[in-house]
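Enquirer: everything below, folded, please.
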Amino acid sequence: MKIGHNIKERLLSKEFVIPSVLSMLTIAYVVLNIAYFKTGTAAGSLTAALISLSVCLLAFFAGILAHLHRVERQQRLEQELQEAKLEQVEKLLAVMEEERNDILNAISVVTVYLQLGKYEQAQKYLEFIAAEQIDKIDYHKKTWLDDPWEAILGHKRQEALEYGILFTIEQKTAPPEDSSRRRLIARLMANLVEEAFQGVRDLQNRRVWLRWYLDEGKPVLEVKSSCPARDGGYNILEPEGANWRLPICQQIASEVGGMLSVNHSGQSTTFRFELQ
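Expert: The predicted model follows:
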């Protein structure tokens, strides 16, 4: 009803109707005078006037249709813009709520550590929270208002081209339909692929495989790289220096209800996440 009302108001506006009517009258008057002076009879002039009036009416209705099309297109664009703004606000509020809960949880955990006199654990936990927040910001920059699954895969494809890495993607099943689970697993996927990329960047044989498939009905994400096993292997619970990527992956895996493991062979390293 609102769209129809707006269209009617625009059609009846002075900016559209008055110039159109004046144009019709001017054309009819000019044609009438030309016909009169050419034929010298009233009948010929009347015929010419009727023909010119018909042409003007056709042009007038054609103008109305074109005007209606422009109005409808403009209103559709305005509606899409409004919906996009609303979606952005809703997503921003959701992110802010999530950040608020994370901060409250962090304060609670650090407070307990301090009360127990475990100052080193409190410091490590604060470092982990800071790294996780940076990771979340980077993730949102890559996926804001886009499908997170496709956005991450597209970004990693581009990154692989820049690093000269042969990146193979094999999807045997659809991504999670639940938006929260889809978002978390996409973020986990981004970190595991990034860890694999970092492992092969200094190698001559730079290969990374990503597989998303069902194993006995359970979704499985595997990220395999041509990076051989290293001394000490990977510890997904402890950071390596300032690199908190794997502990963050373990945190995401626990949050989404899955299990994360690392398997080594003589020629490759495989990160495996299984959704329970």
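Enquirer: please, where are all the helices along the protein?
Expert: Using DSSP state H, the helices of the chain run over 2-11, 14-39, 42-115, 119-143, 148-163, 179-200, 245-256.
Enquirer: where does the stretch 101-250 of the chain dip in pLDDT?
Expert: 229-238, 240-242 (pLDDT under 70).
Enquirer: what is the burial count for the closest residue to residue 205 other than its chain neighbours?
Expert: Residue nearest to residue 205 in three dimensions, not counting chain neighbours: residue 226, with 5.0 Å by CB to CB, 6 or more residues apart in numbering. Heads up, the C-betas are built off the backbone N, CA and C, glycines and all. Using other CB atoms under 10 Å, residue 226 has 19 other residues around it.
Enquirer: show me what contacts residue 226?
Expert: 200, 203, 205-208, 267-268 (CB atoms under 8 Å, 6 or more residues apart in numbering).
Enquirer: dihedrals phi and psi, residue 205?
Expert: phi -90, psi 90 (degrees, to the nearest 10).
Enquirer: ok, it to residue 165 distance?
Expert: Applying CB to CB, to the nearest Å, the value for residue 205 to residue 165 is 10 Å.
Enquirer: neighbour count winner among those two?
Expert: Set residue 205 next to residue 165 and count neighbours by other CB under 10 Å: residue 165 wins out with 21 against 10.
Enquirer: for the more buried one, which non-adjacent residue is closest in space?
Expert: That would be residue 206: by CB to CB, 6+ apart, it lies 4.3 Å from residue 165.
Enquirer: contacts only, for residue 165.
Expert: Contacts of residue 165 by CB under 8 Å, 6+ apart are 159, 197, 200-201, 206-208.
Enquirer: so which bits of stretch 261-276 are buried?
Expert: Within stretch 261-276, the residues that qualify as buried by neighbour count (16 or more other CB atoms under 10 Å) are 262, 268-275.
Enquirer: do stretch 114-126 as well
Expert: In stretch 114-126, counting by 16+ other CB under 10 Å, buried: 122, 124-125.
Enquirer: what about the spatially most central residue of the chain, distance to residue 161?
Expert: Centroid-nearest residue in the chain: residue 146, 0.9 Å away (criterion: CA atoms, centre = their mean). Residue 146 sits 19 Å away from residue 161, taking CB to CB as the criterion.
Enquirer: quick check: bridge partners of the residue nearest to residue 170 when sequence neighbours are not counted?
Expert: Leaving out its chain neighbours, the residue that sits closest to residue 170 by CB to CB, 6+ apart is residue 211, at 4.7 Å. Beta-bridge partners of residue 211, counted by DSSP bridges, are residue 170, residue 222.
Enquirer: list the contacts of residue 211.
Expert: Contacts of residue 211 by CB under 8 Å, 6+ apart are 170-172, 220-224.
Enquirer: which of the residues you listed lies closest to residue 153?
Expert: When the contacts of residue 211 are compared for distance to residue 153 (CB to CB), residue 171 wins out at 8.7 Å.
Enquirer: and that closest one, how many neighbours does it have?
Expert: Residue 171 has 12 nearby residues by other CB under 10 Å.
Enquirer: can you pull the contacts of it?
Expert: 211-213.
Enquirer: returning to what we had before: among the contacts of residue 165, which ones are buried?
Expert: 197, 200, 206-208.
Enquirer: out of the residues you listed, which is nearest to residue 141?
Expert: residue 197 (17.7 Å).
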